[in-house]
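Chemist: Sequence and predicted structure are below.
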Amino acid sequence: MIIPFHTASQQAKSKKSVVKFVIDCTQPVDDKVLDVALFEKYLHDRIKIDGKTGALAANSVVIQRDRTKLTIASPAELGFSKRQLKYLSKRYLKKQQLRDYLRVVAASKSTYELRYFSIAGGDEDADEE
């Protein structure tokens, strides 16, 4: 009996690769402006895969919640879009009436971060009087 020898490339093909995206909500959660549990439920209900919502479990997409971060793990062959996460994050902020104060910024290739708008130079008029 001959035992087949697997090369490194064959093992890589048999191993499923996973793409992970992170949404970092540290600043708003520390200020108690945003609830991560409600944000996770919003994403879970509205993420679309192949044009259908509610198909996360069938396509093995997993949303994990830490205290201040959401991690979305998806199989690479599914072609899950990071852009969709930004769109849904902005819609959630608009729904919660936080869009005027928070913005969604790409911190790295696989991470979005919720940051406050920086408003500088508001005290100049008071000094001139």
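Modeler: Thanks, I have it. Numbers count the residues shown, from 1 in each chain.

Chemist: Every contact and neighbour count from this point should use C-alpha atoms.
Modeler: OK.

Chemist: Pretty sure Ala106 sits in a strand.
Modeler: Yes: using DSSP: H, G, I helix; E, B strand; the rest coil, the secondary structure at Ala106 is a strand.

Chemist: what's the nearest residue to it if we skip its chain neighbours?
Modeler: Tyr112 (4.4 Å; CA to CA, 6 or more residues apart in numbering).

Chemist: Hmm, that neighbour is touching Lys20, no?
Modeler: No: counting by CA atoms under 8 Å, Tyr112 does not reach Lys20; the two are 11.5 Å apart.

Chemist: Run through the bridge partners of Val22.
Modeler: Per DSSP bridges, the residues bridged to Val22 are Thr71, Thr111.

Chemist: Hmm, it is touching Thr111, no?
Modeler: Yes: contact criterion CA under 8 Å: Val22 and Thr111 qualify, at 4.7 Å.

Chemist: Looking at these two now, which is surrounded by more residues?
Modeler: Taking neighbours as other CA atoms under 10 Å, Val22 and Thr111 compare with Val22 leading, 23 against 16.

Chemist: check contacts around that one.
Modeler: 69-72, 110-112 (CA atoms under 8 Å, 6 or more residues apart in numbering).

Chemist: And those, which is closest to Lys86?
Modeler: Using CA to CA, Tyr112 is the member of these that lies nearest Lys86, at 7.5 Å.

Chemist: Give me the buried positions along the longest helix belonging to the chain.
Modeler: Longest helix in the chain, counting residues (DSSP state H): helix 82-95. Within helix 82-95, the residues that count as buried by 16 or more other CA atoms under 10 Å are 82, 85-86, 88-90, 92-93.

Chemist: Contacts for it, please.
Modeler: 21, 39, 42-43, 46-47, 99, 102-104, 110, 112.

Chemist: Mind doing that once more with 6 Å?
Modeler: Helix 82-95 has contacts (CA atoms under 6 Å, 6 or more residues apart in numbering) with Arg99.

Chemist: now the residue sitting nearest the centre point of the chain: how far from Ile119?
Modeler: By CA atoms, centre = their mean, the mean C-alpha position of the chain lies nearest to Ile23, the distance being 3.6 Å. Taking CA to CA, to the nearest Å as the criterion, Ile23 is separated from Ile119 by 23 Å.
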